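Participant: Sequence first, predicted coordinates after that:
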Amino acid sequence: MINRLIALAGTAASQRGRWRHLSARAGEGRMSSWQSRLLAQATSRTIRPLIARAPITPLTLRGARWAIDRAVAGTGRLPAGTTWRRIELPACGAEFVCPAEPAAVTVLYFHGGGFIAGSARAWRPFVAGLRMPVLSVDYRLAPEHRISDAIGDGLSAYRWLIEHTSTPVVFAGDSAGGGLAISVALRARDEGLPVPDGLAVISPWAELGPARPGPADALLSTACVDRVVRLCGTGPEPSAARADLRGLPPTLVVAGERDLLAADSHLVARRLRDAGVRCELRVWPGQGHAFPLARALPESAAALAAITSFLTTRSRSPCPTPPSSTPSATRSRPSP
């Protein structure tokens, strides 16, 4: 509903000519867009208080997962000509989403959701917006499974791509998925697999512990993060930000200035650079946690363009031929 409100307001404003045009680098300017401010006000007064107070327990997880999936799936339609098919991995599933036009690289994508929610189906509109072949992983979730299981699922997905594609593979993810992308790249390195050709992470949750004081995020609160941490538990895997990051590929970190977990993005970027990894950190003023998922925002479009540009520079090779083991589904309506 919030995205529809933004879209309707934007149409009316453009007809009256009362709003100035936002350039392609909108969002990296000194001021956030009016759409962004509207969204922040709406979420801070409605969604944020709800998730800050609502208990997060195994009993309420089913409803929370449904709500998160519905919210993310409603952030955009699929580009015309997009196809997708279900892929079965050893312990989980995945979706292979392909654009209508060839692309230079294949993306292994890890959705967000605090390790307790999210799905490839819900994230389908967002990953399709990358306009590259994307294998989006339905990794196993906490508390039914450990975070180490999710890392194993990511590695299985990477092995599948190595076997089925001939183009370079890049990793990407948002929030918990951003931290997971780094952890899977580290596991691949440690097991002797080739590291991915690039990493792009959005608001990575890489420091798995109680939330530290941070900016006034329009969505997240420290109480919410702390509940999720307790539900996930801790395992033998070190936080992505505290691991040995040497040998990782060039990385792009996208963050919002007002993200409660912005410190994680800065920590990841600093530790990557300290490890000798080329890392670019791009912070959008006025934006909150994982803001590119709200695709109606000018800042989101600019961030998505930056991510796509970064990933495509990793190779100029031809697009892989999509696997044909299962029937494909073409886009004829918004993804549910």
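Facilitator: Nice, I can see it.
Participant: what's around the closest residue to residue 173 other than its chain neighbours, how many residues?
Facilitator: Closest residue in space to residue 173, ignoring its immediate chain neighbours: residue 110 at 3.5 Å, by CB to CB, 6 or more residues apart in numbering. Backbone N, C-alpha and C define where each C-beta goes, glycine included. When neighbours are defined as other CB atoms under 10 Å, residue 110 has 31 of them.
Participant: which residue ranges form the helices in the stretch 201-336 of the chain?
Facilitator: 222-232, 262-274, 298-312 (DSSP state H, counting those that start in this stretch).
Participant: circling back: and the residue nearest to residue 173, what are its bridge partners?
Facilitator: For residue 110, the beta-bridge partners under DSSP bridges are residue 137, residue 173.
Participant: how near is it to residue 39?
Facilitator: 24 Å (CB to CB, to the nearest Å).
Participant: for residue 266, same thing?
Facilitator: 24 Å.
Participant: hang on, the earlier thing: so which of the helices of the stretch 201-336 of the chain gets nearest residue 102?
Facilitator: helix 298-312 (11.2 Å; CB to CB).
Participant: Do me a favour and average the pLDDT over that closest one.
Facilitator: Averaging pLDDT along helix 298-312 gives 94.
Participant: Residues in contact with it: which ones?
Facilitator: 22, 24-28, 32-33, 35-36, 103-105, 107, 129-132, 170, 172, 198, 200, 202, 252, 254, 280, 282, 284, 286-287, 291-295 (CB atoms under 8 Å, 6 or more residues apart in numbering).
Participant: can you check stretch 225-232 too?
Facilitator: 55-58, 114-116, 142-143, 147, 208-211, 260-261.
Participant: Among those residues, which one sits closest to residue 153?
Facilitator: Nearest to residue 153 among the contacts of stretch 225-232 is residue 147, at 10.5 Å by CB to CB.
Participant: which sections of this protein are below the confidence cut-off?
Facilitator: 1-30, 44-53, 75-76, 213, 216, 218, 234-238, 315-336 (pLDDT under 70).
Participant: biggest helix in it by residues?
Facilitator: Looking across the chain with DSSP state H, the single longest helix is helix 147-164.
Participant: Please settle this for me: is residue 55 part of a strand?
Facilitator: No: checked against DSSP: H, G, I helix; E, B strand; the rest coil, residue 55 lies outside a strand; its state is coil.
Participant: residues near it, how many?
Facilitator: Neighbours around residue 55, by other CB under 10 Å: 8.
Participant: distance of it from residue 222?
Facilitator: Where residue 222 is concerned, residue 55 sits at a distance of 15 Å (CB to CB).
Participant: same check, this time on residue 68
Facilitator: Taken as CB to CB, the span from residue 68 to residue 222 is 19 Å.
Participant: between these two, which one's more packed in?
Facilitator: residue 68 (20 against 15).
Participant: ok, now which ones touch the more buried one?
Facilitator: 113, 117, 118, 122.
Participant: for residue 210, same thing?
Facilitator: Taking CB under 8 Å, 6+ apart as the test, what residue 210 contacts is 222, 225, 226, 229.
Participant: Show the buried residues in those.
Facilitator: With burial judged by 16 or more other CB atoms under 10 Å, the buried subset of the contacts of residue 210 is 225, 229.
Participant: Next up, the contacts around the most centrally placed residue in the chain.
Facilitator: The residue lying closest to the centre of the chain (CA atoms, centre = their mean) is residue 174, at 2.4 Å. Residues in contact with residue 174 (CB under 8 Å, 6+ apart) are 110, 111, 112, 201, 202, 203, 204, 290, 292, 293.
Participant: hmm, 6 Å instead?
Facilitator: Shown in contact with residue 174 (CB atoms under 6 Å, 6 or more residues apart in numbering): 112, 202, 290.
Participant: if we can go back for a sec, if you count what's nearby, which of residue 266 and residue 39 comes out ahead?
Facilitator: Taking neighbours as other CB under 10 Å, residue 266 and residue 39 compare with residue 39 leading, 26 against 14.
Participant: Can you name every helix or strand that the helix or strand containing that one contacts?
Facilitator: In the assignment (DSSP states H and E), residue 39 maps to helix 34-45. When contacts are defined as 3 or more CB pairs under 6 Å, 6 or more residues apart in numbering; DSSP states H and E, helix 34-45 packs onto helix 2-16.
Participant: mind running it again at 8 Å?
Facilitator: helix 2-16, helix 298-312 (3 or more CB pairs under 8 Å, 6 or more residues apart in numbering; DSSP states H and E).
Participant: what's the angle between the last one and helix 34-45?
Facilitator: In terms of direction (axes from the mean of the first three to the mean of the last three CA atoms, to 10 degrees), helix 298-312 departs from helix 34-45 by 110 degrees.
Participant: what about dumping the CA coordinates of helix 298-312 to PDB?
Facilitator: The C-alpha atoms that make up helix 298-312 are tabulated as PDB, following Å, rounded to 0.1, in the frame of the first residue of the first chain:
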ATOM      1  CA  PRO A 298      14.300   7.200  -6.700                       C
ATOM      2  CA  GLU A 299      17.100   6.300  -4.300                       C
ATOM      3  CA  SER A 300      16.300   2.600  -4.700                       C
ATOM      4  CA  ALA A 301      16.400   2.900  -8.500                       C
ATOM      5  CA  ALA A 302      19.800   4.700  -8.300                       C
ATOM      6  CA  ALA A 303      21.200   2.000  -5.900                       C
ATOM      7  CA  LEU A 304      20.000  -0.800  -8.000                       C
ATOM      8  CA  ALA A 305      21.600   0.800 -11.100                       C
ATOM      9  CA  ALA A 306      24.900   1.100  -9.100                       C
ATOM     10  CA  ILE A 307      24.700  -2.600  -8.100                       C
ATOM     11  CA  THR A 308      24.000  -3.700 -11.600                       C
ATOM     12  CA  SER A 309      26.800  -1.500 -13.000                       C
ATOM     13  CA  PHE A 310      29.300  -2.900 -10.500                       C
ATOM     14  CA  LEU A 311      28.300  -6.500 -11.100                       C
ATOM     15  CA  THR A 312      28.400  -6.300 -14.900                       C
END
